[in-house]
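Asker: Return atomic coordinates for the entry below.
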Amino acid sequence: MKVVIVGGVAGGATAAARIRRLDEKAEIVVFERSGFISYANCGLPYYIGDVIVDQEELTLQTPESFFARFRVDMRVRYEVTGIDPDKKTVSVKNLVTGDEFEESYDKLILSPGARPTQPRLPGVGLDRLFTLRTVEDTLRIKEYIDKNHPKSAVLAGGGFIGLELAENLRELGMEVTIVQRPRQLMNPFDADMAAFIHAEMIRHGIKLALGHTVEGFEENEGGVDVLLKDEQPIHADMVVLAIGVTPDTELAKKAGLKLGIKESIVVNDRMETSVPDIYAVGDAVQVRHYVTGKDALISLAGPANKQGRIAADNICGGDSRYAGSQGSSVIKVFNMTAAVTGINETNARKEGLSVDKIILSPMSHAGYYPGGKVMTMKVIFEKETYRLLGAQIVGSEGVDKRIDVLAAAIHAGMTATELKELDLAYAPPYSSAKDPVNMAGFMIENISNGILKQFHLEDVETLPRDGSVTLLDVRTTGEYRCGHIDGFRNIPVDELRERLDELEKEKPVYVVCQSGLRSYIATRILAGHGYNAYNFSGGFRFYDAVMNDRCMTGAASMCGMELK
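Answerer: Numbers count the residues shown, from 1 in each chain. Down below sits the predicted model:
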């Protein structure tokens, strides 16, 4: 059996190695148009920022090491220019010599990846305008920085690569501005959770120009002007386009393969395309979203590697299936870690799902053990069924651990209330006896049985200030003086039982504290005395972060609600 693989990075390299482990006699040929195979895309920004100092650390394998270990014919700087499914051949061009030839196959795997999205704007192609996707892109940017010592950079786009590159350029001492049309960074997160990411970026000197449309680029005074719609240009010494990626499927399109979203390659759960004996994996393929069940594009290294393994299994006579992607991901943002899995609240509502949420601010480990840090967790679930839909966490240590537990729970089909039953490891330096994931389960169980009634950030604006309801802040007087939500009166939780006569029993009571814990206790006290009480999800800390961010970005009229 002869297998030809187009693309030798994540999915392609994984497939090649897996086929060899399953079939020692198979002939395996990989064509990679760049000069590198099996490289770490996610590490590229850290080489630019001198966190990774050895260029060789970016490549997990070389063609020579791959052949030595797996006897795979790994050919770099070869581009596949066409596929003939009837003849079962591919047309190949040697990019060094210009020679062209045909290569036959019994099975073909397409792993072309995705290319940086290139907007059709004036000035695209300027010398000081870069994209970042390949090792060659990285070396080009690194060489420019080392040679020209730029003082400033504009990054067009605020996704994973944009944020990682912004941090690394800032650590090199550059002034960095991120500009993009959406009013928030990191679209996998809801806007309220992205507020914490914005604050961390600003805290480290990154300038955010959100909600602005880039209309082009012009050379000016030895640098580049980024032209904005209805705004003054932003001048910088260099510009990096990081506005996303587009499936690189021209080859598949010409071969007549069925295409889907953004002309991605349609595959079944065996990673088979619409043409017999042709498989496709990685960023170029359309997948099923594990939570919604709908078609999606999810460009992440983990799914690409799994898909490569599945295609290899099936080529070698197995029956492996890809269950879908749920978008689990994590990113370092200076001193913050931000992570997400499943779908966010915004997209869940767009899908027409009936959703609820909890927001909590647990410590990363036991509070009495030194060094604990607060994290903010948002867990999304379906009303009535309590099906877990997604989660987002921002904080520092322990964030990756909790998002992985929640990702596993979603994949396992657990309900949100079942989170309370997970038996998770505990020692004071690492967690608490009630792990944050367990705490989320306890809270959701309280919602399911009516013990906890909530109101949310979006409800605050519409709460009447005419005295028909009671708005209550149960923090200490000192905390209250430092800032509170307009219209909320202060009775500290430890004084509440003695001051119940100050509250009218026939009026609903909306209660807030710093994180949501003391206000929950207050609602139980009130409920025990016959009051109808609601707890504010996330607490004042969450409210303050989101409102400050909205005022900064001009994202909502709610910023007119002053913090007293």
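Asker: quick one: contacts for residue 512?
Answerer: Residue 512 sits next to 471, 472, 473, 474, 475, 485, 488, 519, 536, 539, 540, 543 when contact means Cβ atoms under 8 Å, 6 or more residues apart in numbering. Bear in mind the C-beta positions are built from the backbone N, C-alpha and C, glycine included.
Asker: redo that, cut-off 6 Å
Answerer: Neighbouring residues of residue 512 by Cβ atoms under 6 Å, 6 or more residues apart in numbering: 473, 519, 536, 540.
Asker: Over to residue 491?
Answerer: If you count contacts by Cβ under 6 Å, 6+ apart, residue 491 has them with residue 499.
Asker: if we can go back for a sec, now, the contacts of residue 512 that are in strands?
Answerer: Among the contacts of residue 512, DSSP state E puts 473, 536 in strands.
Asker: Kindly present the contacts of residue 512 as TSV, with separate columns for pLDDT and neighbour count.
Answerer: Shown next, in TSV, are the contacts of residue 512 (pLDDT from 0 to 100; neighbours: other Cβ atoms under 10 Å):
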residue	pLDDT	neighbour count
473	98	27
519	98	26
536	98	29
540	97	25
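Asker: before we move on, what SS does the residue lying farthest from the centre of the chain have?
Answerer: Within the chain, residue 501 marks the point farthest from the mean C-alpha position, 48.6 Å out by Cα atoms, centre = their mean. Classification of residue 501 using DSSP: H, G, I helix; E, B strand; the rest coil returns helix.
Asker: any idea of the pLDDT on it?
Answerer: What the model reports as pLDDT for residue 501 is 96.
Asker: go on, the one 3 residues further on?
Answerer: pLDDT, the model's per-residue confidence, is 96 for residue 504.
Asker: quick one: contacts of stretch 392-407?
Answerer: The contact list for stretch 392-407 (Cβ under 6 Å, 6+ apart) reads 189, 193, 196, 328, 330, 337-341, 364, 373, 375-378, 391, 436-437.
Asker: If you could redo that for stretch 13-32, that was the one I meant.
Answerer: Here stretch 13-32 makes contact (Cβ under 6 Å, 6+ apart) with 1-6, 8, 37-38, 70, 72-76, 78, 80, 92, 109, 305, 308-309, 311-312, 316.
Asker: Looking at those, which are in helices?
Answerer: Counting by DSSP state H, these place 70, 305, 308, 309, 311, 312 in helices.
Asker: And for the second one, the neighbour number?
Answerer: For residue 305, the tally of surrounding residues (other Cβ atoms under 10 Å) stands at 18.
Asker: Contacts only, for it.
Answerer: Applying Cβ under 6 Å, 6+ apart, we find residue 305 in contact with 10, 14.
Asker: In helices, which of the contacts of stretch 392-407 fall?
Answerer: Of the positions in the contacts of stretch 392-407, 193, 196, 436, 437 sit in helices, assigned by DSSP H.
Asker: hmm, back to that, so which of the contacts of residue 512 comes closest to residue 357?
Answerer: Within these, proximity to residue 357 (Cβ to Cβ) peaks at residue 536, which comes in at 12.7 Å.
Asker: who's in contact with that closest one?
Answerer: With contact taken as Cβ under 6 Å, 6+ apart, residue 536 is in contact with 455, 512, 519.
Asker: neighbours of the nearest residue to the last one once chain neighbours are set aside, just the number please.
Answerer: Spatial nearest neighbour of residue 519, excluding adjacent residues (Cβ to Cβ, 6 or more residues apart in numbering): residue 513 at 3.9 Å. Summarising burial for residue 513: neighbours were counted as other Cβ under 10 Å, giving 24.
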